[in-house]
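> Predicted model and sequence below, questions to follow.
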2 protein chains.
Amino acid sequence: MDALGRHLLLELEDCEEGILNDLEGLREAMLAAATEAGATVMGNSFHRFSPQGVSGVVVIAESHLTIHTWPEYAYAAADIFTCGTTVEPVKAAEVLVERLGARNHEITEIRRGTRITERVRSG
Amino acid sequence: MDALGRHLLLELEDCEEGILNDLEGLREAMLAAATEAGATVMGNSFHRFSPQGVSGVVVIAESHLTIHTWPEYAYAAADIFTCGTTVEPVKAAEVLVERLGARNHEITEIRRGTRITERVRSG
């Protein structure tokens, strides 16, 4: 164990604009991402803003997924935070890239709690 | 505008262990953090796990706050993601450090959507 959590930060660029304002479409995409990753969904909360943009969170037993969209820039920022070894966050990322039709994307992985696991290892 | 969002990743270490299993205490701390930062709270969802640990999200009009706790390590991972210029995420971070009694902490700021804002600037 080299970290307590894996945290993927997704920059989703040049997305299909229709989906970025589609609250139910985004909820479905995020739930599909969680399920495809092998996560257990505990709840979700999505909000649409005026004049545009959607924010959503999916709470999973293994942590969370979040998304915020900027339709005016064809852009979305998503986060996939997982703990444990049974969930595959990269699969969730792949689902979001595909469902949002992101023609460009960047994924940064941050490992969380590494100073704790180092401390545990060194006794 | 050099980014669409500011995202603070908080590593909260050597916290007071009582709070890390206290769902209502954590919800109150997270809502206080959001309010102190000047955010508009849209909703929240918190879950307590067996045998220990709490996960929680607060959806704000300006994005989100999340927290996951590992009481067995006196550790919590929190995220504060804000957009716009009216919210001060650092204030939210200060509230969480104080409310959780974190004797050590680390804050990393990631700017989100910077490739979009660069593109906008360069026309």
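In hand now; what should we look at?

> So what pairs up with A:Leu8 in the strands?
A:Ile80, A:Glu109 (DSSP bridges).

> pLDDT wise, what is it at?
According to the model's per-residue confidence, A:Leu8 sits at a pLDDT of 98.

> Could you do the one 4 residues further on as well?
Per-residue confidence for A:Leu12 comes out at a pLDDT of 98.

> Now do stretch A:78-90, average pLDDT.
96.

> And for stretch A:59-66?
Mean pLDDT, computed over stretch A:59-66, is 96.

> mind checking how far it is from the chain centre?
The gap between the average C-alpha position of stretch A:59-66 and the chain average comes to 9 Å, counting by CA atoms, centre = their mean, to the nearest Å.

> again with stretch A:71-86
2 Å.

> Next: stretch A:93-113.
7 Å.

> What residues sit buried inside that stretch?
Residues A:93, A:95-97, A:99-100, A:102, A:105, A:107, A:110, A:112-113 are the ones in stretch A:93-113 that count as buried (16 or more other CB atoms under 10 Å in any protein chain shown). Yep, even glycine has a C-beta here, placed from its N, CA and C like the rest.

> among those residues, which are in reach of chain B?
For chain B, the contacts drawn from the buried residues of stretch A:93-113 by CB under 8 Å from any CB of the partner chain are A:110, A:112-113.

> Please enumerate residues in contact with the longest helix seen in chain A?
Ordering each helix of chain A by length in residues (DSSP state H) puts helix A:23-36 first. The contact list for helix A:23-36 (CB atoms under 8 Å, 6 or more residues apart in numbering or on different chains) reads A:18-20, A:41, A:44, A:46-48, A:54, A:56, A:58, A:60, A:65, A:67, A:69, A:80, A:91-96, A:99-100.

> cool, stretch A:109-123 as well?
Residues outside stretch A:109-123 that contact it (CB under 8 Å, 6+ apart) are A:1-9, A:81, B:9, B:11, B:13, B:70, B:73, B:75, B:77, B:106, B:108.

> for that stretch, what is the average pLDDT?
Mean pLDDT, stretch A:109-123: 93.

> That one: end-to-end distance?
Taking CA to CA, to the nearest Å, the first and last residues of stretch A:109-123 lie 26 Å apart.

> And the helices in chain A, which stretches?
Across chain A, reading from the start of the chain, the helices by DSSP H fall at A:17-20, A:23-36, A:89-99, A:114-121.

> Which elements pack onto the first one?
With contacts defined as 3 or more CB pairs under 8 Å, 6 or more residues apart in numbering or on different chains; DSSP states H and E, the secondary structure elements packing on helix A:17-20 are helix A:23-36.

> Now do the helix it packs on: distance to the chain's middle.
On CA atoms, centre = their mean, the centre of helix A:23-36 falls 10 Å from that of its chain.

> Could I get the CA-only coordinates of it as CSV?
As requested, the backbone C-alpha atoms of helix A:23-36 are provided in CSV (Å, rounded to 0.1, in the frame of the first residue of the first chain):
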residue,chain,number,x,y,z
LEU,A,23,-28.2,17.2,-16.3
GLU,A,24,-29.7,13.8,-16.8
GLY,A,25,-27.2,12.8,-19.5
LEU,A,26,-24.3,13.8,-17.2
ARG,A,27,-25.9,12.0,-14.2
GLU,A,28,-26.2,8.9,-16.4
ALA,A,29,-22.6,9.2,-17.6
MET,A,30,-21.2,9.6,-14.1
LEU,A,31,-23.2,6.7,-12.7
ALA,A,32,-22.0,4.6,-15.6
ALA,A,33,-18.5,5.6,-14.9
ALA,A,34,-18.8,4.6,-11.3
THR,A,35,-20.4,1.3,-12.1
GLU,A,36,-17.9,0.5,-14.8
